[in-house]
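# What follows is a predicted protein model with its sequence.
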Amino acid sequence: MSTDLIAVEQFLYAEVDLLDRREFEAWLELFTDECTYWIPAGVDDLDPTRRVSIVYDDRKLLTERIWRFGSGLAYAQQPRSRTAHLVSNVQIVGHDEATGTEPEILHVHAKFLISEFRRDALSAHSGRYVYRLAKTDDGLRIRSKKVELINNDGRLGNLSLPM
């Protein structure tokens, strides 16, 4: 197993652990300043600027989303959800070489299963994560994260938490 793959797996495990522990501000720090976080609403959506999305955030919108969780204004999280994220089948499927001021970018796919317990009900979300991870002097950082839910064109319920 390559050193990059081991580092990527450990990074993804640490990322979802932050979500499960509701350490959303620390989770936000894993993203680069020019990041995108996207949950498409359709099965074959390739361009978030041309189709409706469940979520399509840049760093500013993601920061506002995280701020609401600490502000008491996240009414969809009253009472709070408890989650357990599982990540598997992690693959590095390509990369972009570093150029000038741009770091090397790893293209990563991983499968996920999220169990969420809230209001005496257990729900599950599953699908594939598609990442572009920047290799920076501070370690790996998320340049983009796409959450491809297997049922993104069906009934979803409350998706207020980051995935």
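Happy to help now that I have it. Not measured: the values here are computed from a predicted model.
# looking at this protein, which helix or strand is least sure?
The helix or strand of the chain with the lowest confidence, counting by mean pLDDT, DSSP states H and E, is helix 59-71 at a mean of 85.
# Just the buried positions in whatever helix or strand comes next after that one, please.
From helix 59-71 onward toward the C-terminus, using DSSP states H and E, the following helix or strand is strand 82-96. Residues of strand 82-96 classed as buried under the neighbour-count rule (16 or more other C-beta atoms under 10 Å) are T83, H85, V87, V90, I92. No exception for glycine: its C-beta is placed from N, CA and C like everyone else's.
# For beta bridges, what are the partners of the third one?
Right, V87. Counting by DSSP bridges, V87 is bridged to F112.
# Okay, it and D137: tell me how far apart.
Computed as C-beta to C-beta, to the nearest Å, the V87 to D137 distance reads 25 Å.
# do the same with Q91
For Q91, the distance to D137 (C-beta to C-beta) stands at 25 Å.
# And for I39?
Distance check for I39 against D137: by C-beta to C-beta, it reads 30 Å.
# Looking at those two, which one has more neighbours?
More crowded of I39 and D137, by other C-beta atoms under 10 Å: I39, with 23 against 5.
# OK, contacts around the more buried one?
Neighbouring residues of I39 by C-beta atoms under 8 Å, 6 or more residues apart in numbering: S53, I54, V55, Y56, K146, V147, L149, N152, L159, M163.
# Could you check how many residues crowd around the first one?
It refers to S53. Each residue near S53 was counted by other C-beta under 10 Å, and the total is 16.
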